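Engineer: No sequence on hand, only this structure:
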């Protein structure tokens, strides 16, 4: 087998490994509310979420994948070594934050890795600043939107069911959480799996295995959704604890509202082709619903640590990717 083809296959495998880690790392986004409110036991919750992660490709296009593939960096300067370095940078940061239980963004780790490796390879000139600005703006907007929507849904729910028996309301929303958790799993599977689709399509395009215009082959779509679902099945339990239990205490009503707010934000971003962080959005929604119970209902120390992980993700993953590219360039004298 030709050595270049071998390297392409290896890099695709590495991209799918990142996709698996994405599902593993971000499983908490889909199941934290279900586990916290005891809707389902953890092993059933991850199977529920994984199913909707997989079928997400039936409901959304590949706008986010296109943004990753050609919307952040000029594809003419991308080569297999840049992509390889980007993936290694993102994987390192994902494993590091998983180990310490920090719900950082797999999406932004990948974007940081891509930018860091591209800058190390070709400088700042190939960067597409409009696309990068959208990503950076989404870091702020998506958790704020999730928080505002979560608070709004909680207030509306409280007004609509003000005269209803609390036990009945709890029972109704306990069942409605099946729908809201499915909705957020669809959002997670669509937006997050598309980042890996974009990377693999970019690899195939730069290796001239995709001729003509840039597009995402169907086998890439199926593979990425399947692998992210597989990662969700295995679950990142350290982060589930942070998201579902340590930020604030969730009840069926608040769990439904936080999931619905997060999922709506993700669906909107996916339709617009903006690669947002599922983790950021979900955390913002959980903080929003929790804060209505009083300032002290949210453990702000935990939230502060999460925010620091958000801030550091893109530059940290970018630095690791740049270092990896430098090592590869030094060892193999890659142009």
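Structural biologist: In hand now; what should we look at? Predicted model, so just to flag it, every value in this text is computed and none were measured.
Engineer: only C-alpha atoms for contact and neighbour calcs from this point on.
Structural biologist: Fine.
Engineer: In the stretch 201-335 of the chain, what residue spans correspond to helices?
Structural biologist: 218-234, 237-241, 252-271, 278-291, 300-332 (DSSP state H, counting those that start in this stretch).
Engineer: Nearest approach to residue 63 belongs to which of these?
Structural biologist: Ranking the helices of the stretch 201-335 of the chain by proximity to residue 63 (C-alpha to C-alpha) places helix 252-271 first, at 6.9 Å.
Engineer: gap between the closest one and the chain center?
Structural biologist: Centre-to-centre, helix 252-271 and its host chain are 14 Å apart (C-alpha atoms, centre = their mean, to the nearest Å).
Engineer: quick one: it to helix 278-291, angle?
Structural biologist: 150 degrees (axes from the mean of the first three to the mean of the last three C-alpha atoms, to 10 degrees).
Engineer: Surely residue 151 is in contact with residue 289?
Structural biologist: Yes - in this structure, residue 151 is within contact of residue 289 by C-alpha atoms under 8 Å, at 5.1 Å.
Engineer: of the two, who's got more company?
Structural biologist: Taking neighbours as other C-alpha atoms under 10 Å, residue 151 and residue 289 compare with residue 289 leading, 32 against 24.
Engineer: on that earlier part again, lowest average pLDDT across the helices of the stretch 201-335 of the chain?
Structural biologist: Mean pLDDT per stretch puts helix 237-241 lowest among those, at a mean of 53.
Engineer: quick one on the thing from earlier: nearest to residue 24, of the helices of the stretch 201-335 of the chain?
Structural biologist: Across the helices of the stretch 201-335 of the chain, closest to residue 24 is helix 218-234 (C-alpha to C-alpha), at 4.3 Å.
Engineer: Any buried residues in the closest one, and which?
Structural biologist: Buried residues in helix 218-234, counted by 16 or more other C-alpha atoms under 10 Å: 220-234.
Engineer: Backbone dihedrals for residue 40, both of them.
Structural biologist: Main-chain dihedrals, residue 40, degrees, to the nearest 10: phi -140, psi 150.
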